[in-house]
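Novice: Here is a sequence with its predicted model. Questions after.
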Amino acid sequence: MIKNHFKVAWRSLLKNKGFTIINVLGLSFGVAACILITLYIIHESSYDTSVANADNIYRMINRDRRDGKINDGIHFSANTGSTVKNDFAEVINAGRLNDNDLFYGAGSNEIRIEGQSTQHHEKGFTYADQSIIDIMDVEMVFGVAATALAEPFTLVISETMSKKYFGDQNPVGTSIYLNGNDSEPYRINGVMKDFASNSHMDYDFLLTLKEVEFGEGEQTRWFQNNYYTYLQLRPGTNPEEFQEKMSHRLINTYIKPAFEASGFVLPENAEDFFSMRLQPLKDINLYSGTIDFETSRRNDIKIIWIFGIVALFILIIASINFVNLSTAKSANRAKEVGIKKVVGSSKAALLQQFLTESLLITFIAFAVGVILAFLSMPFFRELSGKALLIPWANPFFVLALLFGALLVGVLAGLYPAFYLSRFRPSAVLKGKLAIGSKSSNLRSGLVIFQFAISIILIIGTLTVHQQMSFILNSKVGFEKEQVVQLYGTNILGDRLPTFKEELQSLNGISNVSISDYLPLEDTKRNGNGFVNEGRDNLDETVFGQAWVIDEDYLNTLGIKLIEGRNFSEERASDEQATIINEQMVEKLNLKDPIGKRISRYGDVFEIIGVVEDFHFDSMKQKVAPLCFFLGMSPSITSVKASTDDIEGLLRAIESKWSEFMPNMELRYAFMDSSFAKMYDNVNRIRSIFVSFAVLAIFVACLGLFALSAFMVEQRRKEISIRRVLGASFRNIYNLLTVNFLSLIGIAALIAIPVAWYVMSRWLEDFAYSIEVTWQLLVLSTFISIFIAVLTISYQSITAALTQPSKNLRNE
């Protein structure tokens, strides 16, 4: 019997090739999308799960709840971890990381291997305690894990870096020189296994923190926050209870007294505004949206939910298409059902027959979907920036596909099976069957659901596109065009000022500035506390950025000076001067700022200028207070071009660089490109969202095509009679399309408030954003109507042009 069911099902599929192809196409696209999105979700949700004791490892967070908003930070003082470990028995181990390139060695470096003369640029440097290797369960290829960072001036490199520079040899004991500093070599003391692609630890070099101090007294100063701090708690410890106890003790016993002793003023009820929290290791990748400096490096759980819902909707839409396509051709199966019932076929046998057809189509579609997912994987890897693979060897993956095919086949096939098997033989064989009259509401509801989702996706796509365009094209307060950043210029040492003068003499260059502090991601940042002169221990401290720049910085980047004057190296007093932004003026409550003096950790500086606020971080964050100080920060040199012949200018710069550093390749980037990279993660999300939104709309259109085919199938005799009685092409076309437009109108009424709410919530993540306007909502509705009209026009036009005699010849 089963063999016969499959044989009949196969013949039926071959007989209706067009609808079979559409069925398989729609479901296979849905399956492929679900596989890709599911693999992406699994990858993003699996971060740091492979670390032993991951359930007991936490990263410390400091939380600021002022002004009705939550701002989280992850930087702590050097002594925070050791203090928590000593004061609380619940803590097994504590460790620190410092990857802030404000500090020599962290971030990126020019490196030279012992015995070689060539300089190489490498990223992924961080300072780390020996305990980090223990906490993070770092596996070693060469060297001993327990002592890998136990000695001063040692480092651990990744297996990838080891193979790159040493092949298969053991490099332990070899020295590496950083940034041309031959007097302080770092000895390789171990080679570690690469951190997994789903680890938030994306480092290739671990520099020891043994006997390292970033400034005098830094290791014991509570308000100098430079480190990520990780804690390993004892199994069974309640993290919520522990963090409350830890926060209370740290603030009241250590932090508040230390701040007040140094002249900082914190609110009397400091614990109402500040607290220490614990973030589970497994949550770092998806739950860091409120953490400064983390938003562009991590994903967001809201994005994961959105992608998951989109994947589910695509599969549901594809299944709805199957239902509509099956019922659309039901008239062609009516006599078959009638004859089978007359010759004795039971309703159960007919149900089995139609479910067999459904399962056969579904299994074919799943097989095609897996192939499509495999073929799309290289594109999706590039789109998502993730090292995703289809887990062919995982038996759970195969079982999940088989179960999914079975579940979708049964659920999608139940309604058509019951629908077709209930036909009454007498009505069918007399030609008196009115198919589907009792089910029109269900089919209309399905189309409303499909297009409500489509409209939501269209609104979402347009909103994301407009927000990104707003970010990339808004006035950011500085000129990022025609600015070239030259990296690694600190390697020149004392020759750097000469190199700057040589660059300024080149044709096509208007300005040159030396500073590592730029309004770009992955450049230096330095948070400090400020008060007005004489107000130490009286006014609440204003926290802001302290940037070191040269006198050509403002002109090179086109930052507008609105009051006062620029720095001048000819004025010795400018070493104790500062230029501040408008936010700093506001926060310090300065009426006439020029000539006023402000204090930074006891050092007093005179305000000589005020610049217009400019965006120096992601537009997800508001512009923060900022002070400029005159000095040298030599790793990046910015060149402002005044010529359209950029290629010729770059050749001239490279030639000049070769005169100074013949053994080191010049690295450069364009500031506008670097600025756009700040939003690479958002752009990736946009691209993924748009791709699957287009796919969902396409699959929904297949469903609309199915329903229009069903209506034409049902009303072909009515249409022919209307044509005989004088109905025009326009009358017939309107007859078949107006109903669909009303369904889309209902879908729009449902979709618009949902889309408005969802996208408004998404835009809340940006301090500066567009609004979801009524024009955008109306445009999205018109786009959906246009897509729908194009989809149903084929069936409507075909029906209106068909000769009446073709449909009435047997009447």
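Specialist: Now that the structure is in, tell me what you want to look at. Numbering: from 1, shown residues only.
Novice: SS state for residue 545?
Specialist: strand (DSSP: H, G, I helix; E, B strand; the rest coil).
Novice: send the alpha carbons of stretch 728-741 over as PDB?
Specialist: Only the C-alpha atoms of stretch 728-741 are listed here, as PDB (Å, rounded to 0.1, in the frame of the first residue of the first chain):
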ATOM      1  CA  SER A 728     -14.400  44.100 -20.500                       C
ATOM      2  CA  PHE A 729     -10.800  43.200 -19.800                       C
ATOM      3  CA  ARG A 730     -10.700  45.900 -17.200                       C
ATOM      4  CA  ASN A 731     -13.800  44.500 -15.400                       C
ATOM      5  CA  ILE A 732     -12.400  41.100 -15.200                       C
ATOM      6  CA  TYR A 733      -9.000  42.300 -14.100                       C
ATOM      7  CA  ASN A 734     -10.500  44.400 -11.300                       C
ATOM      8  CA  LEU A 735     -12.700  41.500 -10.300                       C
ATOM      9  CA  LEU A 736      -9.700  39.300  -9.700                       C
ATOM     10  CA  THR A 737      -7.400  41.900  -8.100                       C
ATOM     11  CA  VAL A 738      -9.600  44.200  -5.800                       C
ATOM     12  CA  ASN A 739     -10.100  41.400  -3.300                       C
ATOM     13  CA  PHE A 740      -6.300  40.800  -3.000                       C
ATOM     14  CA  LEU A 741      -5.700  44.600  -2.500                       C
END
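Novice: For that stretch, which outside residues touch it?
Specialist: 447, 704, 707-708, 711-712, 715, 719, 722-723, 727, 785, 788-789, 792-793, 795-797, 799-801 (C-beta atoms under 8 Å, 6 or more residues apart in numbering). All C-beta spots, glycine's among them, are computed from the backbone N, C-alpha and C.
Novice: After the helix or strand of the chain with the lowest mean pLDDT, which helix or strand is next?
Specialist: Every helix and strand of the chain was ranked by mean pLDDT, DSSP states H and E. The lowest is helix 425-429, at a mean of 54. As assigned by DSSP states H and E, the chain's next helix or strand after helix 425-429 is helix 440-473.
Novice: Could I get the average pLDDT for that next one?
Specialist: Per-residue pLDDT over helix 440-473 has a mean of 82.
Novice: Ramachandran angles for the spatially closest residue to residue 485 that is not a sequence neighbour?
Specialist: Closest residue to residue 485 apart from its sequence neighbours, by C-beta to C-beta, 6 or more residues apart in numbering: residue 669 at 5.1 Å. Residue 669 adopts backbone torsions of phi -150, psi 160, taken as degrees, to the nearest 10.
Novice: Wait, residue 669 touches residue 483, no?
Specialist: No - in this structure, residue 669 is not within contact of residue 483 by C-beta atoms under 8 Å, at 9.7 Å.
Novice: between those two, who's got more neighbours?
Specialist: Between residue 669 and residue 483, counting by other C-beta atoms under 10 Å, residue 483 is the more crowded of the two (23 against 15).
Novice: what's near enough to touch the more buried one?
Specialist: Taking C-beta under 8 Å, 6+ apart, one finds 556-557, 638-641, 670-672 in contact with residue 483.
Novice: buried subset of these?
Specialist: 556-557, 638-641, 670-671 (16 or more other C-beta atoms under 10 Å).
Novice: could those residues go into a markdown table alongside distance to residue 124, pLDDT and secondary structure?
Specialist: A markdown table is the format used below for these (distance: C-beta to C-beta, whole Å; pLDDT from 0 to 100; DSSP: H, G, I helix; E, B strand; the rest coil):
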| residue | distance to residue 124 | pLDDT | secondary structure |
| --- | --- | --- | --- |
| 556 | 29 | 95 | helix |
| 557 | 28 | 95 | helix |
| 638 | 24 | 95 | strand |
| 639 | 27 | 95 | strand |
| 640 | 30 | 95 | strand |
| 641 | 30 | 93 | strand |
| 670 | 23 | 92 | strand |
| 671 | 23 | 91 | helix |
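Novice: And those, which is closest to residue 21?
Specialist: Checking the buried ones among the contacts of residue 483 against residue 21 by C-beta to C-beta gives residue 670 as the nearest, at 47.8 Å.
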